[in-house]
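Participant: Need a 3D model of the following:
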Amino acid sequence: VAANGPIPFYDSNTGKPLFKAPMERSFDQFIAESKSHGWPSFRDNEVVWANVRVLPDGETVSVDGTHLGHDLPDGKGNRYCINLVCVAGSPK
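Facilitator: Below is the predicted model:
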């Protein structure tokens, strides 16, 4: 994984982009936060909102229905904790 720019994460079922990270934080901060929680953790500005929805109970899903994980807010705001098997590193 290259640490020199945002990395796109795609829906593992449809190939649509879901997240782009890190944004407004370093790659090391993104990795550290993800490791500390045990799964990739994305912030509001890293979500591709055209393809992601958050249900009233916090469940986070793609617009095509792929379960992605949950919004588990912390002191910094919304934190979308995503199951790694739900995202892919390439659209195919």
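Participant: quick one: low-confidence ranges for the protein?
Facilitator: Confidence mapping of the chain against pLDDT under 70 gives the ranges 1-3.
Participant: the helices in it, which residues?
Facilitator: 27-37 (DSSP state H).
Participant: Just the strands from it, written as ranges.
Facilitator: Ranges of strands in the chain, per DSSP state E, are 7-11, 17-21, 41-42, 52-54, 59-62, 67-71, 80-82, 87-88.
Participant: okay, those strands, which one's buried deepest?
Facilitator: Burial of the strands of the chain is given as mean neighbour count (mean count of other Cβ atoms under 10 Å); strand 41-42 ranks first at a mean of 26. For every residue, glycine as well, the C-beta is placed using N, CA and C.
Participant: ok, and what's touching that strand?
Facilitator: Residues outside strand 41-42 that contact it (Cβ atoms under 8 Å, 6 or more residues apart in numbering): 9, 19, 21, 30, 33, 34, 79, 80, 81, 82.
Participant: Let me know whether the second one touches residue 88 as I believe.
Facilitator: No: with contact defined as Cβ atoms under 8 Å, residue 19 does not reach residue 88; the gap is 11.1 Å.
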